[in-house]
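Trainee: Okay, predicted coordinates and the sequence, questions at the end:
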Amino acid sequence: MTRDDSSPTADTLDHRQGPSDIATSFHNVPQAATHDPTALLDRLQTPIWIFDIEQERMHYANAAAVRLWGAETPQALYARDFSSTMSEATRRRLADYLPRLARGETIDEHWSFYPGGQAISLHCRCSRYLTNKGRTGMLVEGLESDISLDASSLRALEAVRHTPMMVSVFDGQGRQLVRNPAALAARRGQTSFAACFSDRNAAEGLLQRLEGEPRTSLEAIMRVDDRERWHHVDLCRATDPKTGLPMIVMGELDITPRKTLETAQLVSKRQLEVVIEGLDVGLLLEDERRRVIVANQAFCDLFGIEAPPEQLVGMDCREAAESTKAHFMEPEGFVARIEELIVARQKQTRDLLAMANGRFLERAYTPLFVADQYHGHLWVYRDITRQRHQEADWARKASTDPLTGLANRRSFDDAARRVARSVKDDDSQAALLMIDIDRFKVINDTLGHAEGDKGLRLLADTLRHHLRQSDLPCRTGGEEFMVIMPGMSAEEAWAVAWRLLRQIAEATIEAETLPFHFTVSIGATCFLPGDASVETVTRRADAAMYQAKREGRNRVAVRW
Ligand SMILES: Nc1nc2c(ncn2[C@@H]2O[C@H](COP(=O)(O)OP(=O)(O)OP(=O)(O)O)[C@@H](O)[C@H]2O)c(=O)[nH]1
């Protein structure tokens, strides 16, 4: 629609005046033009009309507006009862206009008209007009018709007028043609396709993409007033059926809440991944169908799995257990125990696994319940080899004499109690020797404590080398030794004691000054079923040993 430039424009009108005052506004128009301002207005190609919003009546329409409204005469239009034909949507839209016009706002919006069934969309500039009776009306100037959509497209636009989805139509260069109220409310000042996007370059790229694709969808950060929001954007290429020119229809839905939630979920997922990866225990989370949900690098390292842990996700855990069972001392027991634990679903069940390579793993099983529903379980594998070795080391130290490496008094007591019980319960036999170095004080005093220690070590080595595997030699005091000999009678013990005595007497200790020898006195006895306690049998051995001392040392005495 073109404007007759020789005619005065509606901008010169004082909007506060009524139609009868319009004439006086044109006093300054050159006489050559006309004295009748309404005739002047009728010469304009621009439709101009005055609508009384409250009364829903037309007060004035120039010739172009009469044509636009599809009326025969201005009078027919003025007589028209809009209340019967006006849709609720239109009525609401006008009701929204009222306060804005009352504030003196000029509203630029598109309206659709169907003169004689012919659809056009008109860019209307609406400004306040006060009627003679003081009612708020609007003076409407129909500016260029930006777009000549066909009737069905316009109806489609009407249909999206009240949806929260933002709908905008652009020409092929991305200039805005029309938009629904939701889009208008979101972007009052933005009129180009690119301005809608936070990333203008991406927007340019999209325009180019739409030249090759009829439609596309994406999630993008969009500019909404001065804020950035996540929108789901549907873009569709269309053609103006009248002009054949390309158009782009854009539908947008605000998905910021979902995106915010997704981002929060991603962050907490990543946080969890960091925690899982940071742990030095092997983790394996299985779902109720025994598929891997999560595994970490430590788990792969423990089982010598070369693939990265992400590649295990979705794997069947039964197959995985079968393929890793060879790592364990008891492969079948390993698999069977897994099944047992899963069936039992006991919280925080721990067990110990001995691996074929000598390492030890502690395994903890935790079933996963959400709202009483079983959703799988977590395995936590911890390599406790070092801990086990340390514990064994501590236990060994706690039961060993540091000077000689023989069992100490504590181990002797434990072993003696076990043997005494077995003699009592199983009718078995066992012997006990008590060995004491003769005149050890003299050795210490003449050669020194360090040389005396050599003697103690020699005695320990002699016991270690000349006793059976099942015998237990112990250092139970300073220069006092005991030997528990399970399964041995007093006579046999007596013979062993003499053999030991001779070995010791014949041994030479290389001292700093002079090599020296020493002898021992040995008391031998048996564990008897009637012994009240271990004390009883040790007292007997002690008595036998003192008897040997009394009888001249370097000898064996027996008591039972
Ligand atoms: N070198 C050394 N001497 C020790 C150790 N424990 C105890 N002794 C010494 O062993 C000696 C024991 O002396 P006594 O109990 O008098 O007995 P003895 O000299 O062996 O004489 P009889 O037992 O009567 O033959 C003391 O001199 C202690 O100091 C030790 O760990 N190392």
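Mentor: That came in fine, so what should we check first?
Trainee: Check which helix or strand the residue of the stretch 1-150 of the chain found nearest the ligand maps to.
Mentor: Here the stretch 1-150 of the chain gets closest to the ligand at one residue, residue 96, 105.3 Å apart by C-beta to the nearest ligand atom. From N, CA and C alone the C-beta is placed, and that goes for glycine too. Using DSSP states H and E, residue 96 sits within helix 88-102.
Trainee: elements contacting the following helix or strand past that helix?
Mentor: Where DSSP H and E defines the elements, the next helix or strand beyond helix 88-102 is strand 107-113. Packing partners of strand 107-113 (3 or more C-beta pairs under 8 Å, 6 or more residues apart in numbering; DSSP states H and E): helix 88-102, strand 120-130, helix 151-159.
Trainee: and the residue in the stretch 101-250 of the chain that the ligand sits nearest to, what are its bridge partners?
Mentor: The stretch 101-250 of the chain approaches the ligand most closely through residue 230 (81.3 Å), counting by C-beta to the nearest ligand atom. Assessed by DSSP bridges, residue 230 has beta-bridge partners residue 221.
Trainee: for the helix holding residue 96, packing partners?
Mentor: Looks like helix 88-102 contacts strand 107-113, strand 120-130, strand 136-142 (3+ C-beta pairs under 8 Å, 6+ apart).
Trainee: Reformat these into a markdown table and put distance to the ligand, mean neighbour count and mean pLDDT next to each item.
Mentor: What follows is these, written out as a markdown table (distance: least, C-beta to the nearest ligand atom, whole Å; neighbours: other C-beta atoms under 10 Å; pLDDT from 0 to 100):
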| stretch | distance to the ligand | mean neighbour count | mean pLDDT |
| --- | --- | --- | --- |
| strand 107-113 | 108 | 17 | 82 |
| strand 120-130 | 111 | 19 | 85 |
| strand 136-142 | 116 | 23 | 89 |
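Trainee: Throw those strands into TSV and include distance to residue 385, thanks.
Mentor: Converted to TSV, the helices and strands packed on helix 88-102 look like this (distance: least, C-beta to C-beta, whole Å):
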stretch	distance to residue 385
strand 107-113	78
strand 120-130	80
strand 136-142	87
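Trainee: closest to residue 79 out of these?
Mentor: Of all the helices and strands packed on helix 88-102, strand 136-142 sits nearest to residue 79, with 16.9 Å by C-beta to C-beta.
Trainee: May I have the strands that pair with the closest one, each with its orientation?
Mentor: strand 48-52 (antiparallel), strand 120-130 (antiparallel).
Trainee: these two touch, right, residue 281 and residue 382?
Mentor: Yes - applying C-beta atoms under 8 Å, one finds residue 281 in contact with residue 382, separated by 4.7 Å.
Trainee: okay if I get the strands paired with strand 136-142 as CSV plus distance to residue 527?
Mentor: Listed next are those as CSV, based on distance: least, C-beta to C-beta, whole Å:
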stretch, distance to residue 527
strand 48-52, 122
strand 120-130, 114
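Trainee: Nearest to residue 359, out of these?
Mentor: strand 120-130 (78.7 Å).
Trainee: Can you tell me the SS state at residue 538?
Mentor: At residue 538 the chain is in helix, as set by DSSP: H, G, I helix; E, B strand; the rest coil.
Trainee: That one: neighbouring residues, count only.
Mentor: When counting by other C-beta atoms under 10 Å, one arrives at 20 neighbours for residue 538.
Trainee: Let's see the pLDDT reported for it.
Mentor: Note for residue 538: predicted pLDDT of 97.
Trainee: before we move on, what about the one 5 residues further on?
Mentor: We have a pLDDT of 97 for residue 543.
Trainee: Residue 2 now?
Mentor: pLDDT for residue 2: 31.
Trainee: quick one, helices of the stretch 151-300 of the chain?
Mentor: Secondary structure of the stretch 151-300 of the chain (DSSP state H, counting those that start in this stretch): helices at 151-159, 181-186, 193-196, 200-212, 256-278, 297-302.
Trainee: related to what we said a few turns ago, any chance of the helices and strands packed on strand 107-113 in JSON lines, plus distance to residue 523?
Mentor: Shown next, in JSON lines, are these (distance: least, C-beta to C-beta, whole Å):
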{"stretch": "helix 88-102", "distance to residue 523": "116"}
{"stretch": "strand 120-130", "distance to residue 523": "122"}
{"stretch": "helix 151-159", "distance to residue 523": "113"}
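Trainee: Is the closest residue in space to residue 183 that isn't next to it in sequence bridged to anything, and to what?
Mentor: Setting aside the residues directly before and after it, residue 183 is nearest to residue 166 in space (C-beta to C-beta, 6 or more residues apart in numbering), at 3.8 Å. Note on residue 166: beta-bridge partners residue 252, judged by DSSP bridges.
Trainee: May I have the residues that are in contact with residue 166?
Mentor: 179-180, 182-183, 186, 231, 250-253 (C-beta atoms under 8 Å, 6 or more residues apart in numbering).
Trainee: So which of those residues wins on neighbours?
Mentor: Of the contacts of residue 166, with other C-beta under 10 Å as the count, residue 231 tops at 27 neighbours.
Trainee: Checking residue 363 next. Helix, strand or coil?
Mentor: What three-state DSSP gives for residue 363 is strand.
Trainee: Please work out how many residues are found near it.
Mentor: As a burial measure, residue 363 scores 19 neighbours (other C-beta under 10 Å).
Trainee: Might one say that it is in contact with residue 348?
Mentor: No - with contact defined as C-beta under 8 Å, residue 363 does not reach residue 348; the gap is 11.3 Å.
Trainee: so what's the residue nearest to residue 326 when sequence neighbours are not counted up against?
Mentor: Distance criterion C-beta to C-beta, 6+ apart; nearest residue to residue 326, sequence neighbours excluded, is residue 356 at 7.1 Å. With contact taken as C-beta under 8 Å, 6+ apart, residue 356 is in contact with 326-329.
Trainee: Closest one of the residues you listed to residue 75?
Mentor: residue 327 (100.1 Å).
Trainee: what about the closest residue to the closest one other than its chain neighbours, distance to the ligand?
Mentor: Spatial nearest neighbour of residue 327, excluding adjacent residues (C-beta to C-beta, 6+ apart): residue 355 at 5.5 Å. For residue 355, the distance to the ligand (C-beta to the nearest ligand atom, to the nearest Å) stands at 41 Å.
Trainee: what about the residue nearest to the spatial centre of the chain, distance to residue 482?
Mentor: Computing the C-alpha centroid of the chain and ranking residues by C-alpha atoms, centre = their mean puts residue 269 first, at 1.6 Å. From residue 269 over to residue 482 the distance is 65 Å, taken as C-beta to C-beta, to the nearest Å.
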